[in-house]
Every structure is written in C-alpha cells, then in structure tokens.
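**Q** quick one: sequence plus predicted model below, questions after.
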Amino acid sequence: MAVEMRKGKFDGDRAAALLKELRVSFASGKTKSYGWRVQQLKNVLRMVDENEKAIVEALRLDLAKPKFEAFVNEISLVKAACKHSLTKLKHWMKPQKAKTSIITFPSSAKIVSEPLGVVLIISAWNYPFLLSLDPVIGAIAAGNTVVLKPSEISPATSSLLAKLLKDYVDCSTIRVVEGAAAETTALLEQKWDKILYTGNGNVGRIVMASAAKHVTPVILELGGKSPVVVDSKINLTVSARRIVAGKWGCNNGQTCVSPDYIITTKTFATKLIDALKHVLEEFFGKDPLQSKDLSRIVNSSHFSRLTKLLDEDKVSGKIVYGGQRDETQLKIAPTILLDVPEDSLIMNEEIFGPLLPIITVDKVEDSLNIINSRSKPLAAYLFTSSKKLEKEFVEKISAGGMLINDTVLHLTNPSLPFGGVGESGFGSYHGKFSFDAFSHKKAILYRPFIGDVTVRYPPYTPRKIRLL
Ligand code: NAD
C-alpha cells in the first residue's frame with residue numbers, strides 16, 4: 001500500500017490523480033481474481049503478525065492503550081477478520097442461484113457479487129488500527145481498489161499503518177492518504193464507488209453531502225448514547241464486571257458502543273453503585289489515575305470536552321464515585337454520577353469517555369420510554385433474568401445492535417452485522433456483511449432461444465387481452 005507522502009499539499013488535483021491511477025488498476029481486472037484477493041488478505045495478516053510490537057507501541061503513544069486491550073480489541077480482531085474472510089471467500093464469491101418465475105419460463109437466474117470499483121475508507125481515532133483495517137479487509141475481499149484515510153488524531157497509528165502497508169500489499173490498488181479535514185475534503189470532492197466513514201455525525205453529514213453529488217453510496221458508522229438498562233433480577237457481581245469491562249476496560253469509555261448511561265430503578269441504584277465501585281477498585285485500584293490498565297483521553301480538546309460535562313453546575317454535585325483528573329497525563333478516573341438532570345449536557349451529548357451517569361425510574365419498564373424518546377442508539381444493553389422484559393426490550397427498542405446481559409461483545413461476532421440505525425448511522429459491515437457492503441449484487445437472468453412464448457408481443461389482440 002503506497003502512502004501519499006506529505007510532500008506539499010494533498011489537494012484536489014492529487015486526489016484526482018490518485019483516483020485515476022486506481023481506476024486504471026481496477027479496469028485491468030486484477031482485483032477481481034480470487035488469487036489477488038487471497039494474496040492481499042494474507043499479506044495483511046502477515047503484516048499484523050510480524051509487527052505486533054510496533055502496533056502495540058503506536059496505540060500506546062496515541063491513547064496509552066494497555067497492551068492487553070491493544071491485542072484483544074484491535075490486533076486479534078483484525079487477524080480474526082482476515083482469517084474469516086480467507087476461509088469464507090470462495091463461498092462468498094460464488095454466484096448464488098435464484099428462483100425463476102412462470103413469467104420468464106424457460107429461464108435460469110443467478111446473483112453475481114461484483115466489486116464496486118474504487119472505494120474510500122475514512123476512519124476514526126479510538127480504535128485506529130481496527131477501524132482502518134477491518135473495512136479495508138472487506139473492500140479487498142470484495143475485489144475493490146481502496147484508499148484508506150486514517151485519523152490524524154491518532155498520528156502514531158496513522159503513520160505506522162501508512163509505513164507498514166506500503167511494504168506488504170499491492171500499492172497499485174491500495175493506498176493510504178494521511179491527513180486531516182483538508183486532505184479528507186480533497187478526497188471527498190472525487191467520485192468514489194463507495195465511501196465507508198467512521199466518526200461523528202457532523203462530519204458524517206459532510207461525507208453524505210459530498211457523496212450525494214456523485215450518487216455515491218455511503219456507509220456511516222456513527223455513534224450516540226448507548227443505554228444500559230439494569231433490572232434488579234440479575235447476577236449483580238457478573239453484571240457489574242461486564243458493565244465496568246465494557247465501559248472502562250475498553251479504551252476508558254472512548255468506544256462507539258460504550259455504555260453511555262445506565263437506567264435502573266430507584267430502589268436498586270444503591271446496590272448497583274456499590275457493586276460497580278467494588279469492581280472498579282478490584283480492576284483499577286484505589287488510585288485509578290495511576291492504573292496502567294486505563295487508556296488516557298486522546299487529546300486535550302477531548303479532555304476539556306469531558307471536564308466541561310463534569311463541571312456543569314447542575315451535574316457537579318452528582319458524582320458518587322471518581323471525578324479525579326490529571327490534565328498533564330490527560331487522565332480522567334472512572335466516574336459515576338447519580339440522577340443527573342435530563343437537560344444536562346452529559347445526558348444530551350455522546351459522552352465518549354470515562355463518565356457514567358445513572359438515571360433512576362420507578363419501574364424498570366419505564367426505561368423503554370426514556371430510550372425511545374431519544375435518538376436511536378448504536379447499541380442498547382439490558383441486564384435481566386426476566387424473559388418478559390427481555391422480549392419487550394427487543395421488540396420495543398430500536399438500536400444498531402443489542403446485547404442482553406453483557407456489553408460491547410456483540411461486535412466481535414462476524415455473523416452479526418455491525419452498524420447503526422437512525423442517527424447512529426446506516427449500512428453495516430463485519431464478516432460476510434463487509435463483503436456485501438463493498439459488492440454490487442448483480443441480478444442476471446438467462447433465457448434460451450427455444451420455447452419463445454409469443455403472447456407477450458404486440459399486437460395485443462382481443463384474444464391476448466382475454467388471457468389476462
Ligand atoms: P475523528 O476526529 O478521527 O474523525 C473521523 C474522520 O473524519 C477522521 O479521519 C478525520 O480526519 C475526518 N474528518 C474530521 N473532520 C472532517 C471534516 N471537516 N471534513 C472531512 N473529514 C473530516 O473521529 P471522531 O469523529 O472524533 O470519532 C468519534 C465519533 O465516532 C463518536 O461519535 C463515536 O461514537 C463514533 N465512532 C463510531 C464507530 C462505529 O463503528 N460506529 C467507531 C468509532 C467511533
């Protein structure tokens with residue numbers, strides 16, 4: 001994968017030249033072959049295997065991401081996506097037989113998955129390795145040429161990706177453009193065959209507007225406030241561990257599907273908070289700011305954004321655990337807040353950090369109305385042993401994905417589509433869904449010359465009309 005080096009400005013002309021080059025490569029037909037796809041996927045896998053240390057180090061520099069998290073949440077998921085595609089690719093590429101109808105008798109039909117052409121992947125900083133390579137793997141598997149634009153907010157991973165990929169994969173078909181809004185804007189001016197964007201909804205709207213000019217389809221992987229409903233009929237210890245692991249054990253809350261807020265009953269809140277506190281101390285010690293197992297906040301502007309949420313007058317008195325911060329290290333301790341007002345900033349913006357407000361209701365069923373009164377979340381979680389509540393939750397809540405009695409892990413299952421709904425985005429990927437996301441399903445009907453039924457041809461005589 002060649003890198004568009006930062007020699008001079010990466011402007012519209014350079015973006016157009018890059019795209020032209022990739023179109024020539026696509027037109028050569030080489031990316032369509034099974035052999036090319038397999039080779040590139042194997043190259044990506046080898047690249048990850050041979051450079052694990054450097055990847056862990058880049059993630060440490062960008063986010064102080066603990067080595068364990070770097071492995072489990074980024075490296076191993078990229079490897080799993082590669083291996084899954086390699087195992088399934090032949091089957092995915094096979095044309096699918098389709099049924100035919102009496103109207104076209106005699107005929108046969110099939111659906112052929114064809115690559116779209118030249119695709120653009122714009123990724124975000126919080127899982128900068130995974131969110132860059134996971135869609136690239138899908139685009140390669142589907143036989144496309146690709147431009148990857150990693151996030152400038154995680155510069156160590158962005159430059160590592162650019163440096164490594166150029167040595168491992170076919171650079172006449174797969175390229176990296178490093179840079180920020182200006183470079184992305186130059187890319188977005190071009191006509192792509194598909195764009196997959198991961199990030200916030202404001203930029204998502206910019207991406208969508210640019211794509212609309214060229215009728216380019218987009219996948220928007222956005223975020224939102226993912227709620228966790230906690231019933232009292234649960235295994236409290238296991239539930240507390242799973243909430244803490246999904247919130248603070250995943251990039252210290254800087255995860256798109258991170259538990260954003262909890263809803264529980266007034267009578268259960270104290271028990272739940274005690275259990276969460278207990279697990280937090282067990283996981284991160286009495287002084288979490290010193291814990292090596294918590295990522296830092298990515299940069300000072302996100303640090304200020306989060307402290308602003310915490311310092312808002314109507315919220316600051318509601319902290320029941322944590323609240324410590326260290327600006328020099330960009331660290332914020334796991335923080336729990338109880339009964340913050342619904343009109344507070346923290347309840348109206350995606351938190352994307354280590355703060356967890358808990359709001360309380362009289363009956364756990366009341367939580368469904370609260371969730372439904374807000375934008376559709378990327379993930380919705382429920383902890384309960386009640387089958388009735390579980391059923392109601394699945395039926396009444398619309399969310400990108402759902403997980404009952406755990407958090408975050410649903411996105412590791414390649415058999416489940418990963419994507420949002422409503423303001424949390426649209427389109428999905430992972431596993432076969434990635435292959436489909438970057439393929440066009442071409443419908444083909446085959447007709448022999450024999451058995452030509454002439455009734456459909458003019459003139460439409462009264463006899464033919466009577467047949468209707
Ligand atoms: P970010 O700042 O890294 O931005 C994402 C990308 O947009 C970057 O590549 C950046 O260069 C580009 N960009 C920024 N400003 C731009 C502009 N004006 N014009 C064109 N391109 C521009 O990431 P972020 O937006 O801070 O990411 C956090 C958000 O992303 C959260 O809302 C989170 O929930 C969401 N997210 C979603 C997923 C998912 O898979 N659904 C994953 C991670 C993050």
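**A** Noted; the coordinates are in hand. Numbering: from 1, shown residues only.

**Q** and E392, how many neighbours?
**A** Applying other Cβ atoms under 10 Å, we find 16 residues neighbouring E392. C-beta: built from backbone N, CA, C; applies to glycine.

**Q** pLDDT score assigned to it?
**A** We have a pLDDT of 98 for E392.

**Q** tell me the helices and strands packed up against the helix or strand encompassing it.
**A** Per DSSP states H and E: E392 is located in helix 387-396. Contacts defined by 3 or more Cβ pairs under 8 Å, 6 or more residues apart in numbering; DSSP states H and E place helix 387-396 against helix 366-372, strand 379-383, strand 401-404.

**Q** what's it in contact with?
**A** V229, D231, V364, E365, L368, N372, A380, L382, T384, M402, I404 (Cβ atoms under 8 Å, 6 or more residues apart in numbering).

**Q** picking that back up, deepest-packed of the helices and strands packed on helix 387-396, please.
**A** Highest mean neighbour count of the helices and strands packed on helix 387-396: strand 379-383, a mean of 27 (counted as mean count of other Cβ atoms under 10 Å).

**Q** tell me the mean pLDDT for that strand?
**A** Strand 379-383 carries an average pLDDT of 98.

**Q** in stretch 305-314, what's buried?
**A** Across stretch 305-314, burial judged by 16 or more other Cβ atoms under 10 Å covers R305, L306, T307, L309, L310.

**Q** swap in stretch 68-84?
**A** Buried residues in stretch 68-84 (16+ other Cβ under 10 Å): E69, A70, F71, N73, E74, I75, L77, V78, K79, A81, C82, H84.

**Q** which parts of this protein sit against the ligand?
**A** Within the chain, the residues that sit near the ligand (Cβ under 6 Å from any ligand atom) are 122-126, 131, 149, 151-153, 180-181, 184-185, 198-200, 203, 206, 221-223, 256, 350, 352, 378, 420, 425.

**Q** quick check on those: which are buried?
**A** 122-126, 131, 149, 151-153, 184-185, 198-199, 203, 206, 221-223, 256, 350, 352, 378, 420, 425.

**Q** among these, which are located in helices?
**A** L131, T184, T185, V203, I206 (DSSP state H).

**Q** out of those, which is nearest to the ligand?
**A** The closest of those to the ligand turns out to be T184 (Cβ to the nearest ligand atom; 3.4 Å).

**Q** report pLDDT for the closest one.
**A** pLDDT at T184 comes out at 98.

**Q** now do the contacts for it.
**A** Contacts for T184 (Cβ under 8 Å, 6+ apart) come out as I122, K149.

**Q** for I206, see how far away it is.
**A** T184 sits 9 Å away from I206, going by Cβ to Cβ, to the nearest Å.

**Q** could you do G224 as well?
**A** From G224 across to I206, the span is 18 Å (Cβ to Cβ).

**Q** neighbours of the nearest residue to K90 once chain neighbours are set aside, just the number please.
**A** Excluding its sequence neighbours, the residue lying closest to K90 (Cβ to Cβ, 6 or more residues apart in numbering) is Y34, at 6.7 Å. Counted with other Cβ under 10 Å, the neighbours of Y34 add up to 11.

**Q** go ahead and confirm S398 touches L378.
**A** No - S398 lies out of contact with L378 (Cβ atoms under 8 Å); the separation is 11.3 Å.

**Q** quick one: low-confidence ranges for the chain?
**A** 1-8 (pLDDT under 70).

**Q** got the domain ranges for it?
**A** 12-222+431-441, 227-423 (the TED database).

**Q** do me a favour and get the end-to-end distance for the shortest one?
**A** Okay, so that is domain 227-423. Domain 227-423 has an end-to-end distance of 15 Å (criterion: Cα to Cα, to the nearest Å).

**Q** residues contacting the residue of the chain at minimum distance from the ligand?
**A** Relative to the ligand, the nearest point of the chain is G223 (1.9 Å; Cβ to the nearest ligand atom). Residues near G223 by Cβ under 8 Å, 6+ apart: N200, G201, C256, E350, F352, L378, G420, S424.
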